[in-house]
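Sequence plus the predicted model coming up.
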Amino acid sequence: MASSAPPAILALIVYKISKITLTNSFTLLPMASSPFAFITILTTDTVNKTTSDEIAIGATNPCTASQNTSSMVNNNLEQQAQALFKEWFIDNPENICWSTGTFRELIQSTLNGDWGKETPTGNNIEKVYCIRGADIPEVKAGNKGKMPTRYILPKNLANKKLEAGDIVVEISGGSPTQSTGRCTAITQSLLDRYDSSMVCTNFCKAIKPKNGYSLFVYYYWQYLYEKSVFFSYENGTTGIKNLDFTGFIETEPIIVPPFDKVQAFDDYCKSIFNQVFANGKQSEQLTSLRDTLLPRLMFGELDVSNIDI
């Protein structure tokens, strides 16, 4: 289970370059508690302005460090949840008394993807963000990703709009060593970070699990992906592999525990799952903070001369 992070003060990186005059006042503010807070202050009295950009690029900064630490923290949380899933359902000796079935029994519906148009064209007027297979690792790690903006038909938005609890699966792509079938869950935290609705690309498909089964389906799917099961459900002769999605969800045998066991797992893992996306959002805020303040520091707009290092 995820533990609450100890209180910490998040400070900004400060480059003190003697040949640049810093004129405006600058105050370091305490930020929210974070499991990956940093204070990194670099000083130099020997560089000139012509090398300041090199320092800014080459120096260690807390936002990059925070992103790396956030990634490690989130990876650890993800491993905890996967280990818990395996312990509760796969390695549990009680599972011999449980029924077997397929994912089809646990899925309410599926959504096809859409790619639409690059700009508003004809009736393609609904602005959406389109999650691609390439975005799955970033989103899965709790990050916002870099989803492109597209314009689709209003009726398609009504039928394909992603909601919290959905699971996006890559059905086309992969490589000789990487199967199709990788997935990520859609959270409200992710949706709130975009100013328009979200759909998946037509190289992906979205799953809407039945009520209460979202995290169970997600982590079971992850478990089977790590076991390389999806290679057996691929076809394709043009260099792009395609997942036999229907064949997989209708024939791959899975354990179906009692619903109260599934619900307990969902309740237990929800805090872990939510923390992953909270960490990703905080990392994103740090990056934005760096990008806003570093240019002001470099061009002498912030006075850091009175900061006690």
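On my side now, so go ahead. Everything numeric in this text was worked out from a predicted model, so none of it was measured.

Now for the chain: which helix has the highest residue count?
helix 259-298 (DSSP state H).

average pLDDT across that helix?
Averaging pLDDT along helix 259-298 gives 77.

Renumber starting at 36 from here on
That works, and once the first residue is 36, the last one we named lands at helix 294-333.

Please state the offset of that helix from the chain centre?
8 Å (C-alpha atoms, centre = their mean, to the nearest Å).

for that helix, packing partners?
When contacts are defined as 3 or more C-beta pairs under 8 Å, 6 or more residues apart in numbering; DSSP states H and E, helix 294-333 sits against strand 49-52, helix 87-93, helix 97-120, helix 223-227, helix 249-261. Using the backbone N, CA and C atoms, a C-beta is placed for each residue, glycine as well.

Tell me what angle it forms with helix 249-261.
80 degrees (axes from the mean of the first three to the mean of the last three C-alpha atoms, to 10 degrees).

Check which residues of stretch 145-161 are buried.
Residues T145, L146, G148, D149, G151, N159, E161 are the ones in stretch 145-161 that count as buried (16 or more other C-beta atoms under 10 Å).

An error on my part: the question was meant for stretch 257-268.
Q257, Y258, L259, Y260, F265, F266, Y268.

what stretches of the stretch 36-185 of the chain score poorly on pLDDT?
36-106 (pLDDT under 70).

And the strands in it?
For the stretch 36-185 of the chain, applying DSSP state E, counting those that start in this stretch gives strands covering 49-52, 76-79, 134-136, 142-147, 161-166, 184-187.

Tell me which of the ones you listed is the most buried.
Ranked by mean neighbour count, those are led by strand 161-166 with a mean of 22 (mean count of other C-beta atoms under 10 Å).

and which of the buried residues of stretch 257-268 is nearest F294?
Y258 (19.2 Å; C-beta to C-beta).

how much space between the closest one and L328?
From Y258 over to L328 the distance is 43 Å, taken as C-beta to C-beta, to the nearest Å.

F265 too?
Going from F265 to L328 by C-beta to C-beta gives 44 Å.

now do E269
47 Å.

Need phi/psi at D279.
When quoted as degrees, to the nearest 10, the phi and psi of D279 stand at phi -80, psi 80.

Report the contact partners of it.
Residues in contact with D279 (C-beta atoms under 8 Å, 6 or more residues apart in numbering) are Y268, E269, N270.

Now go through those residues and say which are in strands.
Among the contacts of D279, the residues falling in strands (DSSP state E) are E269, N270.

Show me the beta-bridge partners of V163.
In this entry, V163 is beta-bridged to R185, S232, by DSSP bridges.

OK, contacts around it?
Contacts of V163 (C-beta under 8 Å, 6+ apart): D149, G151, T184, R185, Y186, I187, L192, K196, S231, S232, M233, V234.

Between those residues, which sits nearest G274?
D149 (23.3 Å).

check contacts around that closest one.
Neighbours of D149 in contact, by C-beta under 8 Å, 6+ apart: V163, C165, R185, I187, N191, K195, V234, C235, T236, N237.

Next one: it from L188, what distance?
From D149 over to L188 (counting by C-beta to C-beta), the distance is 8 Å.
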